[in-house]
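> sequence and computational prediction follow.
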Amino acid sequence: MAEVAVSTVTPTQNNNPTNVFARGFPNPFPQQNLHAFSSLQTRHKNRQNPSQIKDISDRRDTYGVVIKSLDPNPNANDRDGDSERLRLWRQPSPCSEEEYVVEVKEDFGSILTQLITLEPTRHVVSIVGMGGLGKTTLAKKLYNDSRIANHFECKAWVYVSEEYRDKRKEVLQRILRGVVDPPAGDEIDKLLEQELVNKLHNVLAEKRYLIVLDDVWGMEVWDGLRYAFPKRKLGSKILLTTRNWEVALHADAHGHPHQLRLLNHEEGFTLLRSKAFPGASAIPSEFENLAKEIVVKCEGLPLAVVVVGGLLSRKLKSSGEWARELRNIRGGLLEDQEKITKFLALSYNDLPSPLKSCFLYLGLFPKGMKIQTKRLIRLWIAEGFLPQERGETAEDVAQRYLNELIGRCMIQVGTVSSLGRVKTIRIHDLLRDLSVTKGKEEYFGDTAGSSSSSSSSQLTKSRRHSIHSCHEQYDFLKNIADYSRSLLFFNREYNADVDKKVWIHLSFMQEKKLNVIYTEFKLLRVLELDGVRLVSLPSTIGDLIQLRYLGLRKTNLEGKLPLSIGNLLNLQTLDLRYCCFLKKIPNVIWKLVNLRHLLLDTPFDSPDSGHLRLDTLTNLQSLPYIEAGNWIADGGLANMTNLRQLGINGLSGPVVNSVLSSIQGLHNLHSLSLSLQSEEDEFPIFMHLSQCTQLQKLSLNGKIKKLPDPHEFPPNMLKLTLHNSHLQKESIAKLERLPKLKMLLLGKGAYNWAELSFGAEGFSQLHVLRLILLKELEEWKVEEKAMPMLEYMVIDRCEKLRKIPEGLKDITSLKKLKITGMPVDFEYRLRTIDLLELKNTPVIESTTDILAID
């Protein structure tokens, strides 16, 4: 954890919040936001005292503060005054004293220790986080700590900013002025850039130094300054703050950047109290509920909490005033809220053009929604945002773009798979507001039916429309057809606070008001009808020949799809998951030769031939579910050489061998799921899988005649799921020798013996283990040094298992043990005996409660 420092600057202080918000990384928003908050209050105080502005200016020269407008295109006629105030707000200075600190002690202590630890070479320590998290504030607190002053012989603070390309010489001058004693201003001003580098290097070579590079935006900053910082002197450090993980890792590839986080509710509440009620030990009871609601709306972003708290401190302290301000917080009506948005806009302005489109697209999703990364990537590709890159698929490029937005702290990681893949992301409300606002300004997209929905002229010109409201808003559809390229409907059941009536209204409007889409929206590329309760799809859907993405997930489609679906020759994604009442798909899918993702999850028959013909789909990458049939035996599967994800159900007889034979030619396959038709069928010895060098995830449902030896498995397999395998006892010894296996699930019928034993040093790379519905298992032994890297384990409905193995107590890496559906005796022993032995396990979660271990 990190120490989040928020300065409330007194009238004689200078607070240089640098671009506190200009930095960031994956994961939420750290502490630097607090920094910017304190600056805001300084701005209000300085506004009334010109002498203090001069003091700020003097200190700026001393400490190397760069004053820069937040607006990349300021209007001199009407923005000069506001821009100047924003510039002053951004100024970072290491000297401001802090009247209030929200302490997340572990980060502060960890960074401080790293800074004062004696090391043989100069090291870089980075603080990373999105704008508004408090990166600069934390850096200032460290810079001013007495232990830092006692440890380093000289130190300097320089605010870099996104304008570094034009300021390199000035940055070098300011660092040099900070470390030369006494300062030699005129002499330094006369030096050329390379002379400054040499001079600074010579000065620092004789000292143990600390240089703070605050608000670094690009890798070129480090490349341009690094040679001025000697590496040999014992214990010298560079402290760097940035919004971008790539920048931090570029400065020190072997370092461990400190990621700041969002405030929790308690921290946010404490911070709000200090700002809205300075000096009070508690918020008056009549304001407590409103204060909590404000903290929730600020979503843990320190900058937002401080700005709102400072605003409220200047208002009458009546609950009525607070209630009115609360209604305005998210409405964009507050001047200070606009300042926050402008700070966050710096990160947006720094994005390359394609990444800007990808970021703006996030504003089309409902607020607070966990966005599935695979779905987002498919939508980006359908929209045409991604440039072609040699040697990479569009999906690979999109994944890089997603990682870039995470690395820049523009989006947050939601859920992560057991193998470390980011499954969902979300966007902070303030950044989403920025995305929505920018999207409207640029006619990129619009969210219809929201409280902030645009004028009719705005809607008409917008290229993309996202709809997540009730039926009153849908009359506008007929007016936006000419410009529209994308329509995304989101059933508001995603949001827990939505009334069920909204869902019913969506259902009511389908057939009558959506028909205009199929007849008038001729240029539509994306049609996402997720959760819209359609009963049928008209044949006119085939007229939307520009469609690249058709999402019918969770619709109520009945019967069969229209034959005209085969006209959509540009279609890349067809999502038919959770269409429980849809039974038949016409055998025209083979015509969709550009299809990349055919997303099914239940059996579908073709009205004429019984099974879908798919052999022409050579661009197909995702086929997570399909029924086995003659098309496999006829060689259709072998043609799909671009497949990355494949799931085949209902395998039997010779088709099993055909599948295994075809799979060896699918060199791009990452995920494979095979399920046999009946208990009489069995998987033969499948040595062909050893040739699947890209295969990482393998799921097998059905009897395995003989488990292959470790070298016959896919060489890079990370995840193995087994159901109904009827494994022999000796099979476990083979599994535990798989060199890269990180996740193992033994499900119902996978292992039907009373005893299970994991040998010494077995499963050397295993991180996740799940034992589910092993009905015969009574005793489980874990020998010494088995599973040395295990972090998460699940025991689910293994009803005869008497206790957890004693060997678990030696696994110091275990972080969580989840127990589900186990007998009372097992639970009792777990609580009274086993719990004491699992001293290294942070959390045990059972069906009744969670037991925390100190």
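Received, thanks.

> please make it C-alpha for all contacts and neighbour counts, starting now.
Noted.

> apart from its neighbours in sequence, what residue is nearest the most centrally placed residue in the chain?
Of all residues in the chain, the one closest to the mean position by C-alpha atoms, centre = their mean is residue 413, 2.2 Å from it. Closest residue to residue 413 apart from its sequence neighbours, by C-alpha to C-alpha, 6 or more residues apart in numbering: residue 425 at 4.7 Å.

> same question for residue 154.
Nearest to residue 154 is residue 209, by C-alpha to C-alpha, 6+ apart, at 5.0 Å.

> what number of residues lie near the one you found?
Residues lying near residue 209 (other C-alpha atoms under 10 Å) number 24.

> what sits against it?
Listed by C-alpha atoms under 8 Å, 6 or more residues apart in numbering, the contact partners of residue 209 are 152, 153, 154, 155, 235, 236, 237.

> assign a three-state SS to the residue nearest to residue 413, would you?
When classified by DSSP: H, G, I helix; E, B strand; the rest coil, residue 425 comes out as strand.

> highest neighbour count among the contacts of residue 209?
Using other C-alpha under 10 Å as the neighbour test, the contacts of residue 209 are led by residue 236, with 31 neighbours.

> for that one, what are its contacts?
Contacts of residue 236 were listed using C-alpha under 8 Å, 6+ apart, and they are 119, 121, 122, 123, 152, 208, 209, 210.

> please tell me which one of the residues you listed counts the most neighbours.
residue 210 (29 neighbours).

> the helix or strand in which that residue is found pairs with which strands, parallel or anti?
Using DSSP states H and E, residue 210 falls within strand 209-214. With DSSP bridges as the test, strand 209-214 is paired with strand 154-159 (parallel), strand 237-242 (parallel).

> could you list the low-pLDDT ranges of the stretch 351-500 of the chain?
In the predicted model of the stretch 351-500 of the chain, residues 448-459, 469-475, 491-500 satisfy pLDDT under 70.

> what ranges does it have for its helices?
Using DSSP state H, counting those that start in this stretch, the helices of the stretch 351-500 of the chain run over 353-361, 373-383, 394-407, 429-441, 456-461, 500-520.

> flag every buried residue along stretch 229-241.
Buried residues in stretch 229-241, counted by 16 or more other C-alpha atoms under 10 Å: 229, 230, 231, 233, 234, 235, 236, 237, 238, 239, 240, 241.

> same list (the residues you listed) but as TSV, adding pLDDT and distance to residue 711.
Output for the buried residues of stretch 229-241, formatted as TSV (pLDDT from 0 to 100; distance: C-alpha to C-alpha, whole Å):
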residue	pLDDT	distance to residue 711
229	91	50
230	90	50
231	85	46
233	72	50
234	78	49
235	87	48
236	91	49
237	92	47
238	92	47
239	94	47
240	94	46
241	92	47
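
> re earlier: closest to residue 653 out of the helices of the stretch 351-500 of the chain?
helix 373-383 (34.1 Å; C-alpha to C-alpha).

> next, the angle from the closest one to helix 394-407.
Between helix 373-383 and helix 394-407, the angle comes out at 120 degrees (axes from the mean of the first three to the mean of the last three C-alpha atoms, to 10 degrees).

> and helix 373-383 with helix 353-361, angle?
120 degrees.

> hey, C-alpha coordinates of helix 373-383 in PDB?
Output in PDB follows, covering the C-alpha atoms of helix 373-383 (Å, rounded to 0.1, in the frame of the first residue of the first chain):
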ATOM      1  CA  THR A 373     -11.900  -7.400 -23.100                       C
ATOM      2  CA  LYS A 374     -12.600 -10.000 -25.900                       C
ATOM      3  CA  ARG A 375     -15.800  -8.200 -26.800                       C
ATOM      4  CA  LEU A 376     -14.200  -4.800 -26.700                       C
ATOM      5  CA  ILE A 377     -11.400  -6.000 -29.000                       C
ATOM      6  CA  ARG A 378     -13.800  -7.400 -31.500                       C
ATOM      7  CA  LEU A 379     -15.800  -4.200 -31.500                       C
ATOM      8  CA  TRP A 380     -12.600  -2.100 -32.100                       C
ATOM      9  CA  ILE A 381     -11.600  -4.300 -35.000                       C
ATOM     10  CA  ALA A 382     -15.100  -4.100 -36.500                       C
ATOM     11  CA  GLU A 383     -14.900  -0.300 -36.200                       C
END
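
> can you tell me what sits against it?
Taking C-alpha under 8 Å, 6+ apart as the rule, helix 373-383 contacts 358, 386, 394-395, 398-399, 422-425, 525-526, 548-549, 572-573.

> with respect to residue 701, which of these is nearest?
residue 423 (24.0 Å).

> identify the residues contacting the closest one.
Contacts for residue 423 were tallied using C-alpha under 8 Å, 6+ apart; they are 372, 373, 374, 414, 415, 416, 417.

> separation between it and residue 205?
Distance of residue 423 to residue 205, given as C-alpha to C-alpha, to the nearest Å: 48 Å.

> and for residue 571?
63 Å.

> got it, and residue 487?
For residue 487, the distance to residue 205 equals 61 Å [C-alpha to C-alpha].

> those two: which has the busier surroundings?
In terms of neighbours (other C-alpha under 10 Å), residue 487 is the more surrounded of residue 487 and residue 205; the figures are 23 against 17.

> any idea what that one is bridged to?
residue 465, residue 527.

> for it, what are its contacts?
Neighbouring residues of residue 487 by C-alpha under 8 Å, 6+ apart: 464, 465, 466, 467, 524, 526, 527, 528.

> so the residue nearest to residue 413 makes contact with residue 416?
No: applying C-alpha atoms under 8 Å as the test, residue 425 and residue 416 come out as separate, 9.2 Å apart.

> and these two? Which one has more around it.
Ranked by neighbour count (other C-alpha under 10 Å), residue 425 and residue 416 place residue 425 first, with 22 against 12.

> tell me the SS of residue 523?
Applying three-state DSSP: residue 523 is coil.

> name the SS class of residue 624, please.
strand.

> err, residue 196, not the other one
helix.

> hang on, isn't it packed against residue 174?
No: using C-alpha under 8 Å as the test, residue 196 is too far from residue 174 to be in contact (10.3 Å).

> shared neighbours, these two?
Counting by C-alpha under 8 Å, 6+ apart, nothing touches both residue 196 and residue 174.

> isn't residue 445 right up against residue 364?
Yes: Residue 445 lies in contact with residue 364 (C-alpha under 8 Å); the separation is 7.2 Å.

> between those two, what contacts are shared?
The contact sets of residue 445 and residue 364 overlap at 436, 465, 466 (C-alpha under 8 Å, 6+ apart).

> top of these by neighbour count?
Going by other C-alpha under 10 Å, residue 436 tops these with 24 neighbours.

> give the contact list for that residue.
Contact analysis of residue 436 by C-alpha under 8 Å, 6+ apart lists 360, 363, 364, 445, 446, 447.

> apart from its chain neighbours, what residue comes closest to the first one?
What it means is residue 360. Sequence neighbours aside, residue 435 is the residue nearest to residue 360 in space, at 4.9 Å (criterion: C-alpha to C-alpha, 6+ apart).

> show me the contacts for the one you found.
Going by C-alpha under 8 Å, 6+ apart, residue 435 touches 359, 360, 361, 362, 363.

> want to throw these into a markdown table with distance to residue 282?
Below are the contacts of residue 435 laid out as a markdown table (distance: C-alpha to C-alpha, whole Å):
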| residue | distance to residue 282 |
| --- | --- |
| 359 | 40 |
| 360 | 40 |
| 361 | 42 |
| 362 | 38 |
| 363 | 37 |
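
> mark which of those are buried, thanks.
Judged by 16+ other C-alpha under 10 Å, buried ones among these: 359, 360, 361, 362, 363.

> now residue 636. Nearest residue, chain neighbours left out?
residue 615 (4.2 Å).
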